[in-house]
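In: predicted model follows, preceded by the sequence.
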Amino acid sequence: MRSPTAAGWIKPALFLLCLVPAINLAHGAWTNTLEVNPLETLTHSTGTWTLRFLLLTLLVTPLIRIMKAPVLLRYRRMLGLFAFFYVLIHLGTYLWFDKFFDWQEIWLDIQDRLFITAGMTAFVLLVPLALTSTRRAQRALANAWNRLHRLIYVATTAGLLHYFWLVKADYLEPIIYASIFGALMLARIRRPIAVSASGTS
Amino acid sequence: MLIRVPRRSDEKESAVTDPEIYRQRRIFMQQCAAGVAGLAGSLLVGGQAQAGLTIGAVQSSPYSTDEELTPMHAATHYNNFYELGYKKEDPSRNAAALITEPWTVEVEGHCENPGTYAVEDLVPVDQLEERIYRLRCVEAWSMVIPWLGVPLSVALKKLRPTSQARYVAFQTILDPENLPGQRRAVLDWPYVEGLRMDEAMHPLALLTVGMYGQVLPNQNGAPIRIVVPWKYGFKSIKSIVRIRFVEGQPPTAWNQATPHEYGFYSNVNPEVNHPRWSQRRERRIGEFRKRKTLMFNGYAEEVAHLYSGMDLHKYF
């Protein structure tokens, strides 16, 4: 994957940039500046960053088309894996700090609370995508890989529902994220020919 | 798009409340303190005596818990007060948007003494008590806060409710010009709450004007609010401008917004499942481990009889 022609520093720089929210949170946790309820701040922030990285991942394909820059494809996997990185922390904060690994309680939560059901669904759907993100898996699965990775649409939808159902009254932020997701989906539907063209390239 | 990390410098009190408003209210509280100390009138307008807005010589109460207090900074910077913004840190940042001077409370409905009252009329300064109560939010966190006030029953008795008054309804200030949270219909403004008459007359229900020995900060519901410690926090309505004695169960803000989640009673009850939060446990702010939530927030001995014979799963 290393190309001597493309600017070699972009990928490491992007990698560090994607880590900034995590570093920020770690620093905040260390210095105890994550507001009054740090565990809540940690949970909310990692959840929001998961959603943002999912949307950034979904932005790549339309951006390739609009900018006619197929080179952008090489950054998509990293963005997707960062979404998974943040969802792992997000889930971890819930399992540990909220439920203290009380599996019975967690199972009740998944059944009783729709927003937990949706969130867990989103996570479960992201697992196979992360596992098959290697070049080898991509080659082995061939066309099936593309079909499998369309699960990101379902996972993002579940993630958005998770957000909507968790909010008490102020729906502004989930509406903004859902609108961006809608726009990114529309960008795919509008030019089906271009989609298949970039898909095969 | 970086996440916001708060700086220590964001938290200056001067940024929270207009100093002039603070100054005027300090004078009021000094009058209170003076009244309690039996020195009424001697400290009234002394300009330089304002340094401490601490209220001394307040009666303590057998109803107080001896649990460790939540730090004042936490109790004043982690608030649900949607009128001042929808995020926990918003109310302290936007506190100056709540104009508390002048302030009057309209009293109406089935009572012998309706009319317009000043805060001081409703909260007799010589009866101020400190009550250290547990506060349990429906969002499964809790605090321990020392409030200053008088039993709500003291004020209500003065208004002489008639036998037709079966409930008492409260209303928060409506001021969308100034209150940033009221510019969007996130709730059906103004915020309204209510109690059954026997709940309101219960000695635990407190009509509150201060906390931590000081005047209520705006973000905590200045200048006058109630505190009903056996119910979820949203029942303890803030910044009250209207009290109305009514016959039928009055509408309440969160119940109107989401009826199946927030009932009229909203007593703290670990057995009643909530669609968002398990109510079995709670996080005391500042603690890592969660603790078990107690029936009626630990006040069962005092209040359980109010609900004897009621199906609390139905009347949640």
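Out: That came through fine.
In: quick one: distance of the host helix or strand of residue A:176 to the chain centre.
Out: For residue A:176, the host element (DSSP states H and E) is helix A:172-190. Offset of helix A:172-190 from its chain centre (C-alpha atoms, centre = their mean, to the nearest Å): 14 Å.
In: buried sites along that helix?
Out: A:174, A:177, A:178, A:180, A:181, A:184, A:187 (16 or more other C-beta atoms under 10 Å in any protein chain shown). (Each C-beta comes from the backbone N, C-alpha and C, glycine too.)
In: residues contacting the second one?
Out: If a contact means C-beta atoms under 8 Å, 6 or more residues apart in numbering or on different chains, then residue A:177 has A:51, A:55, A:160, A:163 as its contacts.
In: mind checking the longest strand of chain B?
Out: Looking across chain B with DSSP state E, the single longest strand is strand B:141-151.
In: what helices or strands is it leaning on?
Out: Applying 3 or more C-beta pairs under 8 Å, 6 or more residues apart in numbering or on different chains; DSSP states H and E, we find strand B:141-151 packed against helix B:72-77, strand B:129-136, strand B:206-211, strand B:281-284.
In: select from the contacts of residue A:177 the one having the most neighbours.
Out: Counting by other C-beta atoms under 10 Å in any protein chain shown, residue A:51 has the largest number of neighbours within the contacts of residue A:177, with 25 neighbours.
In: ok and the residue in chain B nearest chain A?
Out: The nearest approach of chain B to chain A comes at residue B:78, 3.6 Å away (C-beta to the nearest C-beta).
In: now that residue: closest residue in space, sequence neighbours ignored.
Out: Spatially, and ignoring its direct neighbours in sequence, residue B:78 is nearest to residue A:36 (3.6 Å; C-beta to C-beta, 6 or more residues apart in numbering or on different chains).
In: I'd assumed residue B:76 was in contact with the one you found.
Out: No: Residue A:36 is beyond contact range of residue B:76, at 9.4 Å (criterion: C-beta atoms under 8 Å).
In: which parts of the chain are helices?
Out: Since you didn't name a chain, this refers to chain A. Ranges of helices within chain A are A:10-31, A:38-67, A:76-93, A:103-112, A:114-131, A:135-141, A:143-148, A:151-166, A:172-190, A:192-200, based on DSSP state H.
In: try chain B instead
Out: For chain B, the helices defined by DSSP H cover B:19-36, B:72-77, B:90-93, B:119-122, B:152-159, B:197-200, B:253-257, B:300-303.
In: returning to that earlier point: residues near the residue of chain B closest to chain A, how many?
Out: By other C-beta under 10 Å, 22 other residues sit near residue B:78.
In: show me the contacts for it.
Out: Contacts of residue B:78 by C-beta under 8 Å, 6+ apart are A:35, A:36, A:37, B:88, B:89, B:285.
In: quick check: the farthest pair among the residues you listed?
Out: Across the contacts of residue B:78, the longest distance by C-beta to C-beta is 13.5 Å; it joins B:89 and B:285.
In: and for these two, which residues touch both?
Out: Here residue B:89 and residue B:285 have A:36, B:78 as joint contacts, going by C-beta under 8 Å, 6+ apart.
In: which residues does residue A:153 contact?
Out: Residue A:153 neighbours (C-beta under 8 Å, 6+ apart): A:58, A:185.
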